[in-house]
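S.K.: Have a look at this prediction, sequence included:
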Amino acid sequence: MKLPKSIRAGETYSLQAVMRRVERRQWWLSFSGVLVTLLLTLGIVSFSLTVFFLQRDFWDELNIHLAMRALVGMVFLFVVYVVYQQLQIHRFRMHLVAQEELFSLIGENAADMIAVVTANGERLYNSPSYQKVLGYTPEELEKTSAYEQIHPDDQPAVKLAADEAKKTGIGRRVEYRIRHKNGEWRVLESTASAVRNENGEVAKLIIVNRDITERRHLEQQLVLSQRLEAVGKLSGGIAHDFNNILGVIIGYSEAMQEKMAADDPMREAVDEIEKAGQRAAALTQQLLAFSRKQVLEPKILDLNSIVTDVEKMLRRLIGEDVDLEIIPSPTLGRVKADRGQIEQVILNLAVNARDAMPRGGQLKIETMNADLDEDDARRKRYVVPGPYVMLQVSDTGSGMSAEVQSHIFEPFYTTKEQGKGTGLGLATVYGVVKQSGGYIWLESEIGKGSKFQVYLPRAEGVATEPARKQPSLIAHGLGTILVAEDEPSLRKLTCNTLKEAGYKVLEAEDASKAIEIAKHSDSDIDLLLTDVVMPGMSGRELAENLSLKCPRMKILYMSGYTDGAVAAHGILESGIVILRKPFSRVQLQQSVAEMLTKNPRQGKTEENAEYAKSRE
C-alpha cells in the first residue's frame, strides 16, 4: 500500500485531521448530489411544461432538444464528479487502513512495551509485547490500573515521574520493578511522553517500557567479577611473600617439634604456632581459590569416590545432630578437575549447610549425570550446552532470602556473627568451580532450606586414584640439588632440611647466581629446586637456561600462586612439577625424593595428604 508523501517523509499526519477531511468530502458530495438532483428535476419539469402545454413551433422544440442534451451532459458531469469523489474517499480510507496496519506492525513487533494511559492512570492501550514480557493478556491488563503490578516500594517514584510529565509535558527516565504473571519481579526502564488536547492540557501519556532485568544481572556479574579481580590482584601480590613467611614459620615449628619431647613445657606453644601457620596457609589458599589465582592439577576423577573418601571427615564436621545422606549415581560419568579443590568444594558446602541447621537437620549429597541444553542456556547466563556431572548438596536449614542469595558468592560476605566466619567459604567454592570450567547455582527459600547444584563438564577417560603414602622424613638422600630462592629465611630452611636428608645442596639467591654456581660446579646437578617468581630472571627462564647445559637435570618448581609462568589460565602445563608453598619439611623431602627416582621430565608429584587435610 502506497502511503501519502507526508507519511513517507515522516511529517506529522494526524488521524483526526484525515477523518475530518474525509467527512467534509462526504458531506460536500451528498449536498452536491441533492442540489444537482433538484436542479435537474426543476429543469426537466420546466421543459416538459413548455413542450406539452405551450405548444411551441419547430425551432422552439429544437431549442428544447438542445436544452435536454445540455441537461444530460450536466448529469454525466455530475456522475463523473461523484465517481471522482468516491475515488478520493476510497483513497483516504486506504491510507487510514495503511496507517492502522503500520501502527499494528510497530506495536506487535516492538520489543519494548508501549502503553497509552489517561491522565488518571486508566489504561487505553497496551502493546502485545506486554504479554510476551510479563505474561498478562490484554483483558487482564484492562481490569487493573497502571500502578497495580508495580512494586510497592517503587510506586511513589513512578507516580512522581508521571505527575512531572503531566505538569511539564516532558517525561524523564525512571526504573522500577514490576511483577511478572508468575510472581517474579522484573526490572523496567520507562520513559513517558505527554499528549495534549486542543486546550493544551495533558490528556494522555504514551509510556515506553524496556525490560532491563538481564542488563541489571549482567551489571551485577560485572561488579562481582571486578571485585574478584581486584581482590585477586591483591591476593596474587601478597601470596608470594606471605607464603614464603608462612613456610618459614611452619618449617621451623616442625623442626622444633622434632627436637622437643612431648612433655616439654614449650611443646604446646610450638604446636600452637604450627597450627596458626597452617590456618594462615589455608586462608591464603582460600584467597587464591575464589580469585582463581591458584595452580590446578586437573586429572580424570570419579566424583563418587571423592564423596566416599570425605564422608568420614564430613560426619566429624557436621556433628551427630545432622543426618548425612549420600546418594551416588551408579552410572556417573567422570570429570577432569583438581582432586584437592573438589574435596574443598564438598567440605565448604557441607560446613555452610551445617551452620544453617544449628538445631540439627538433614544434609543430602547427591551425584548424577546432567545434560544442559539450549533451554538451560537461555535461562542461565553463560551456560555452554553439553554433558555434565552434577553434585547437589541440599539441607533443611533456615534458607536464604533473595537479598542474601544475590551476595552469597561475594568475598568477605557473611551472615554469621562477627568472628565466626571469614566470608570466604562460598566465595572459594565459586572460584574453584569457575576455574574448573563449571557452574554453580543456588535454590533457597526462607524456612525451606537451600540446594546448591555444581555442574562440572563430563570427561572421557579412566579415573586415577591418588597414591596413599605415609608421610615420613627421608634419612639418607643421594644427589646434588641446586636451590634457587630469593627469600633468605626460606632458602636457609629449605637447604638445611635437604642437608639433613643427606643431599649435597648448592645455594643461590637468584637466577644469575644459580647459573654461575652451575657453571663452576665440579659435580653434576641432579635436581634444580627453584622458586617461580624471582627478581630479574624467573624460575622458568632459569630452568630453560640450565637445561641446555645439564640435559639430565630434573626440575622442581616452588610457587604459591599462578602468574602464567608455569600455568596457563591456572592449569599446570604438561611436564611441569610444582611444590606448592607453604610446604612442610616432610612434603619437601618426599617431593625431592620422588623427582630424583623418576625419569627426567616425567611424572608429577602428588600433593601430600597431610598437607591437603591441613588446608581443609
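M.R.: Ah, there it is. Not measured: the values here are computed from a predicted model.
S.K.: residues contacting Ala157?
M.R.: Neighbouring residues of Ala157 by C-beta atoms under 8 Å, 6 or more residues apart in numbering: 174, 176. C-beta coordinates here come from the backbone N, C-alpha and C atoms, glycine included.
S.K.: Can you say which helix or strand has it in it?
M.R.: Applying DSSP states H and E as the criterion places Ala157 in helix 155-168.
S.K.: Export that helix to CSV, keeping only CA atoms.
M.R.: These are the backbone C-alpha positions of helix 155-168, laid out as CSV (Å, rounded to 0.1, in the frame of the first residue of the first chain):
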residue,chain,number,x,y,z
GLN,A,155,5.2,3.2,43.2
PRO,A,156,6.0,6.6,44.7
ALA,A,157,8.9,7.2,42.2
VAL,A,158,6.7,6.1,39.3
LYS,A,159,3.8,8.3,40.3
LEU,A,160,6.1,11.3,40.8
ALA,A,161,7.6,10.8,37.3
ALA,A,162,4.0,10.6,35.9
ASP,A,163,3.0,13.8,37.7
GLU,A,164,6.0,15.7,36.4
ALA,A,165,5.2,14.5,32.8
LYS,A,166,1.6,15.8,33.3
LYS,A,167,2.7,19.2,34.6
THR,A,168,5.7,19.9,32.2
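S.K.: tell me what the helix or strand just after that helix is packed against?
M.R.: Downstream of helix 155-168, the next assigned helix or strand under DSSP H and E is strand 174-179. Judged by 3 or more C-beta pairs under 8 Å, 6 or more residues apart in numbering; DSSP states H and E, strand 174-179 is in contact with helix 155-168, strand 185-196.
S.K.: State which helix of this protein is the longest.
M.R.: When the chain is parsed with DSSP state H, its longest helix is helix 58-109.
S.K.: what sits up against whatever helix or strand comes next after that helix?
M.R.: Scanning forward in sequence from helix 58-109 by DSSP H and E, the next helix or strand is strand 113-118. Here strand 113-118 makes contact (C-beta under 8 Å, 6+ apart) with 107, 123-127, 129-130, 133-134, 146, 188, 203-211.
S.K.: Identify each buried residue in the helix or strand that strand 113-118 is followed by, please.
M.R.: Counting by DSSP H and E, the next helix or strand C-terminal to strand 113-118 is strand 123-126. Buried positions in strand 123-126, judged by neighbour count with 16 or more other C-beta atoms under 10 Å: 123, 126.
S.K.: Quick one: residues in contact with strand 123-126.
M.R.: Contacts with strand 123-126, where a contact means C-beta under 8 Å, 6+ apart, come from 113-118, 138, 141-142, 144-146, 204.
S.K.: Would you mind listing which of those residues are buried?
M.R.: Of the contacts of strand 123-126, these count as buried by 16+ other C-beta under 10 Å: 113-115, 117, 141, 146, 204.
S.K.: Based on its surroundings, how many neighbours for Gly277?
M.R.: 23 (other C-beta atoms under 10 Å).
S.K.: Test my guess that it contacts Pro582.
M.R.: Yes. Contact criterion C-beta atoms under 8 Å: Gly277 and Pro582 qualify, at 7.3 Å.
S.K.: quick one: common contacting residues for these two?
M.R.: With C-beta under 8 Å, 6+ apart as the test, Gly277 and Pro582 both reach 246, 249-250.
S.K.: mind showing which ranges of the stretch 251-400 of the chain have poor pLDDT?
M.R.: Residue ranges of the stretch 251-400 of the chain with pLDDT under 70: 286-297, 381.
S.K.: Would you map the helices across it?
M.R.: Here the stretch 251-400 of the chain has its helices, by DSSP state H, counting those that start in this stretch, at 267-290, 303-309, 311-318, 339-355, 374-379.
S.K.: would TSV of those helices with distance to Ala98 be doable?
M.R.: Listed next are the helices of the stretch 251-400 of the chain as TSV, based on distance: least, C-beta to C-beta, whole Å:
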stretch	distance to Ala98
helix 267-290	60
helix 303-309	64
helix 311-318	71
helix 339-355	62
helix 374-379	37
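S.K.: Quick check: which of those is nearest to Ser193?
M.R.: Nearest to Ser193 among the helices of the stretch 251-400 of the chain is helix 374-379 (32.7 Å), distances taken as C-beta to C-beta.
S.K.: Pick the most buried one from the helices of the stretch 251-400 of the chain.
M.R.: Of all the helices of the stretch 251-400 of the chain, helix 339-355 has the most neighbours on average by mean count of other C-beta atoms under 10 Å, namely a mean of 22.
S.K.: then that helix to PDB, C-alphas only?
M.R.: Extracted in PDB, the C-alpha atoms of helix 339-355 (Å, rounded to 0.1, in the frame of the first residue of the first chain):
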ATOM      1  CA  ARG A 339      41.000 -33.500  43.400                       C
ATOM      2  CA  GLY A 340      42.000 -31.400  46.400                       C
ATOM      3  CA  GLN A 341      39.900 -28.500  45.200                       C
ATOM      4  CA  ILE A 342      36.800 -30.600  44.600                       C
ATOM      5  CA  GLU A 343      37.200 -32.000  48.100                       C
ATOM      6  CA  GLN A 344      37.400 -28.400  49.300                       C
ATOM      7  CA  VAL A 345      34.100 -27.600  47.500                       C
ATOM      8  CA  ILE A 346      32.300 -30.500  49.200                       C
ATOM      9  CA  LEU A 347      33.600 -29.600  52.600                       C
ATOM     10  CA  ASN A 348      32.800 -25.900  52.300                       C
ATOM     11  CA  LEU A 349      29.200 -26.600  51.100                       C
ATOM     12  CA  ALA A 350      28.700 -29.100  53.900                       C
ATOM     13  CA  VAL A 351      30.000 -26.700  56.500                       C
ATOM     14  CA  ASN A 352      27.700 -24.000  55.100                       C
ATOM     15  CA  ALA A 353      24.800 -26.400  55.400                       C
ATOM     16  CA  ARG A 354      25.700 -27.300  59.000                       C
ATOM     17  CA  ASP A 355      25.800 -23.600  60.000                       C
END
